[in-house]
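> predicted structure and sequence below. I'll ask about it afterward.
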Amino acid sequence: MKKLILLLVAVAVFLCALIFSAPQADDLSGTWTGKTVVPSGETDDLTMILEKTADGYKGKISDSLGLVTEAAIYSFVFKDNKVTLSFAINDGTEIAVELALTEGKLVGTWSDPGGESGSLELSKQK
């Protein structure tokens, strides 16, 4: 009987270790900051705030040059460590963003309907 109890305890410990060591889904919630270069050639500091909801993520984005003032993020998709999203800058121009979650950073590009684009890298703030 003691052997059976010890075996059950050992199996339970093993299963708990297995569950807690399994990779956890990445949670993008929080504040992300980074830089990009805008068409004028200026470096622009970006801040993106994301919140996880039952339907996915919602959030807002703003910048240091005043081109984007807490713009709502829409069309947010996070699948297979890739993020796509859109937002509108203050003049109404839609910006499309494609990012990959790589080593804890979101790295990719933004583009507008006029053909302008640039690289973008965001890091999650602790």
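That came in fine, so what should we check first?

> could you list the low-confidence segments of this structure?
1-25 (pLDDT under 70).

> tell me the centre residue of it?
Nearest to the mean C-alpha position of the chain, by C-alpha atoms, centre = their mean, lies Leu28 at 4.4 Å.

> tell me how far the closest residue to it other than its chain neighbours lies from Gln125.
Among residues not flanking Leu28 along the chain, Leu50 sits closest, at 5.1 Å (C-beta to C-beta, 6 or more residues apart in numbering). Heads up, the C-betas are built off the backbone N, CA and C, glycines and all. Distance, Leu50 to Gln125, using C-beta to C-beta, to the nearest Å: 11 Å.

> neighbour count for the two, which is higher?
Leu50 (24 against 10; other C-beta atoms under 10 Å).

> report the buried residues of the host helix or strand of the more buried one.
Using DSSP states H and E, Leu50 falls within strand 43-53. Using 16 or more other C-beta atoms under 10 Å as the test for burial, strand 43-53 gives Asp44, Leu46, Thr47, Met48, Ile49, Leu50.

> touching, the residue nearest to the centre of the chain and Val77? I think so.
No: with contact defined as C-beta atoms under 8 Å, Leu28 does not reach Val77; the gap is 11.4 Å.

> mind giving me the packing neighbours of the strand holding Leu50?
strand 30-37, strand 56-63, strand 117-124 (3 or more C-beta pairs under 8 Å, 6 or more residues apart in numbering; DSSP states H and E).

> still on that earlier bit, common neighbours of Leu50 and Gln125, please.
By the contact definition C-beta atoms under 8 Å, 6 or more residues apart in numbering, Leu50 and Gln125 are jointly contacted by Gly30, Trp32.

> which residues does stretch 33-47 contact?
31-32, 48, 61-65, 67-68, 106, 110, 116, 118-123, 125.

> make a PyMOL selection of the buried ones in the residues you listed.
In PyMOL, this line selects whichever of those come out buried by 16+ other C-beta under 10 Å:
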select buried, resi 32+48+61+62+63+67+68+106+110+120+121+122
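
> turn the buried residues of strand 43-53 into JSON lines, including distance to Ala88.
Listed next are the buried residues of strand 43-53 as JSON lines, based on distance: C-beta to C-beta, whole Å:
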{"residue": "Asp44", "distance to Ala88": "16"}
{"residue": "Leu46", "distance to Ala88": "15"}
{"residue": "Thr47", "distance to Ala88": "16"}
{"residue": "Met48", "distance to Ala88": "14"}
{"residue": "Ile49", "distance to Ala88": "16"}
{"residue": "Leu50", "distance to Ala88": "17"}
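
> perfect, I'm done here.
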